[in-house]
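Asks: please work out how this folds:
(chains A and B)
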Amino acid sequence: SQKIEQNSEALNIQEGKTATLTCNYTNYSPAYLQWYRQDPGRGPVFLLLIRENEKEKRKERLKVTFDTTLKQSLFHITASQPADSATYLCALNQAGTALIFGKGTTLSVSS
Amino acid sequence: DSGVTQTPKHLITATGQRVTLRCSPRSGDLSVYWYQQSLDQGLQFLIQYYNGEERAKGNILERFSAQQFPDLHSELNLSSLELGDSALYFCASSRGASGHQETQYFGPGTRLLVL
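Replies: Prediction:
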């Protein structure tokens, strides 16, 4: 069956460290993969999009990798800050234009 | 602020009832997407409209229907409501038809509670 799994449900790290979140998928062949941030009670906010022919994408302190052989994307936040605390969702496309979301990883950054 | 508006913010109703959720996309966006988010299922894609036409369909129940009007706002109708329909309902919009390869902008959501 098709699955998207985001490592642990919760990740706790100290301020200044690098947070690494994992998104693994099974029985999908996505051409695109996106990462969103969601704060409690609010709508998701787009962060980064990466294409299947791109290995890595960066935006400020954020970095995303996409390995279609391993069927995995890694999302890194360097020099993490308490303000980075949120739930991070990965999303990929199946056939057509629909985005399928993982259940998310909740990141807590302590000062 | 994403520019996507949703009304109402909260809705409390009883089983068996029918409700309508409303969404206005960002100015210039032609696609509207509806998602349901519950604690156990995560964010589930329901349906997409592009410029008034249905574009893609996800796990939308037959009791649910949607439409997009000429001014591009969209409504999601939920009928014969059940307790399990209690969830956050999000609307998102994008410029073009291909939401998987462009940014989707999410609204603040409507929290539906069915008692």
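Asks: secondary structure element holding the most centrally placed residue in chain B?
Replies: The centre of chain B sits closest to residue B:34, judged by CA atoms, centre = their mean, with a distance of 2.9 Å. Using DSSP states H and E, residue B:34 maps to strand B:31-38.
Asks: quick one: residues in contact with the following helix or strand past that strand.
Replies: Later in the chain than strand B:31-38, the nearest helix or strand by DSSP H and E is strand B:42-50. Here strand B:42-50 makes contact (CB atoms under 8 Å, 6 or more residues apart in numbering or on different chains) with A:44, A:89, A:97-104, B:30-38, B:54-60, B:64, B:66-68, B:74, B:76, B:90, B:96-97, B:99. For every residue, glycine as well, the C-beta is placed using N, CA and C.
Asks: quick one: strands adjacent to strand B:42-50?
Replies: Under the criterion DSSP bridges, strand B:42-50 sits next to strand B:31-38 (antiparallel), strand B:53-57 (antiparallel) in its sheet.
Asks: okay, strands next: where are they in the chain?
Replies: Because you didn't say which chain, this covers chain A. A:3-6, A:10-14, A:19-26, A:32-38, A:45-51, A:56-59, A:62-67, A:72-77, A:86-93, A:99-101, A:105-110 (DSSP state E).
Asks: ah, I was thinking of chain B
Replies: Under DSSP E, chain B gives strands at B:5-7, B:10-13, B:19-24, B:31-38, B:42-50, B:53-57, B:64-68, B:74-78, B:87-94, B:105-106, B:110-114.
Asks: for chain A, what lies in contact range of chain B?
Replies: Neighbours of chain B within chain A, by CB under 8 Å from any CB of the partner chain: A:30-32, A:34, A:36, A:41-46, A:49, A:51, A:89, A:92-93, A:96-104.
Asks: what subset of those residues is buried?
Replies: The neighbour count (16 or more other CB atoms under 10 Å in any protein chain shown) marks A:30, A:32, A:34, A:36, A:42-46, A:49, A:89, A:92-93, A:97-104 as buried among the residues of chain A next to chain B.
Asks: alongside chain A, which residues does chain B contribute?
Replies: Chain B comes close to chain A at residues B:2, B:4, B:33, B:35, B:42-45, B:48, B:55-56, B:58, B:90, B:92, B:97-109, as judged by CB under 8 Å from any CB.
Asks: make JSON lines from the strands of chain B and add mean pLDDT to it.
Replies: Below are these laid out as JSON lines (pLDDT from 0 to 100):
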{"stretch": "strand B:5-7", "mean pLDDT": "98"}
{"stretch": "strand B:10-13", "mean pLDDT": "98"}
{"stretch": "strand B:19-24", "mean pLDDT": "98"}
{"stretch": "strand B:31-38", "mean pLDDT": "96"}
{"stretch": "strand B:42-50", "mean pLDDT": "93"}
{"stretch": "strand B:53-57", "mean pLDDT": "93"}
{"stretch": "strand B:64-68", "mean pLDDT": "98"}
{"stretch": "strand B:74-78", "mean pLDDT": "98"}
{"stretch": "strand B:87-94", "mean pLDDT": "97"}
{"stretch": "strand B:105-106", "mean pLDDT": "96"}
{"stretch": "strand B:110-114", "mean pLDDT": "97"}
